[in-house]
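Engineer: Following is a predicted model, sequence given first.
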Amino acid sequence: MIKSFKTALCVLMLSALVGCAPDPKSGWGFTLPEGDAERGKATFVALQCNACHTVDGVELDADVSEDVTTVALGGKKGYVVTYGDLVTSIINPSHRFALGYQSDEIQEGEVSKMRSYNDEMTVTQLADLVTFLQQHYQVEIYVPTPFVPYY
Ligand code: HEC
């Protein structure tokens, strides 16, 4: 009796463990080295990210040579923008698209209009860009509209 109970317990614990194991393709355990925001700002301009983006609270000479919709980065969001989100947006732009835009403004079919930097950007540049951008996002706490009780 006790033996079968123990076996059942083991099976249960094992399935719980397997259930919790992350997907091998998950981003768990991923950490970028510390970046430098000042260098990130310079990189943002050097790589001409400002051809298509503004950054909240940052004066950048708008390089408006690209005929594309300007996508605003930074500012108040109703959720925390993690560096995982930013890294993914930069190195895999078509994984998830920016919210608040018509799809034909920012996408060509299923592909983002953001160009790929993956064959020219260094990891240091990526870390610096993410550190720079992250400083310009704030979390806006959701405040529900107060309703007067109705009797
Ligand atoms: C040719 C125009 C273009 C250039 C250049 C460009 N982007 Fe983008 N970027 C876009 C578009 C369009 C989107 C929205 C579609 C998407 O989410 O992929 C976007 C999305 C993003 C987002 C996600 C925004 C959100 O709200 O989800 C980040 C972060 C970003 N870009 C960073 C960069 C950085 C950093 C650079 C320079 C290394 C850069 N971009 C260069 C066009 C561009």
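Structural biologist: Looks like it arrived, so ask away.
Engineer: going forward, measure contacts and count neighbours with C-alpha atoms only.
Structural biologist: Will do.
Engineer: low-scoring pLDDT stretches of this protein, where are they?
Structural biologist: When residues are selected by pLDDT under 70, those of the chain lie in 1-20, 62-66, 151.
Engineer: what are the ranges of the strands in it?
Structural biologist: 53-55, 71-73, 75-77, 107-108, 111-112, 137-139 (DSSP state E).
Engineer: Now render the ones you listed as a markdown table, adding mean neighbour count and distance to Arg96.
Structural biologist: A markdown table is the format used below for these (neighbours: other CA atoms under 10 Å; distance: least, CA to CA, whole Å):
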| stretch | mean neighbour count | distance to Arg96 |
| --- | --- | --- |
| strand 53-55 | 20 | 17 |
| strand 71-73 | 16 | 14 |
| strand 75-77 | 15 | 16 |
| strand 107-108 | 14 | 11 |
| strand 111-112 | 18 | 9 |
| strand 137-139 | 16 | 18 |
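Engineer: among the ones you listed, which is nearest Asp119?
Structural biologist: Nearest to Asp119 among the strands of the chain is strand 111-112 (16.9 Å), distances taken as CA to CA.
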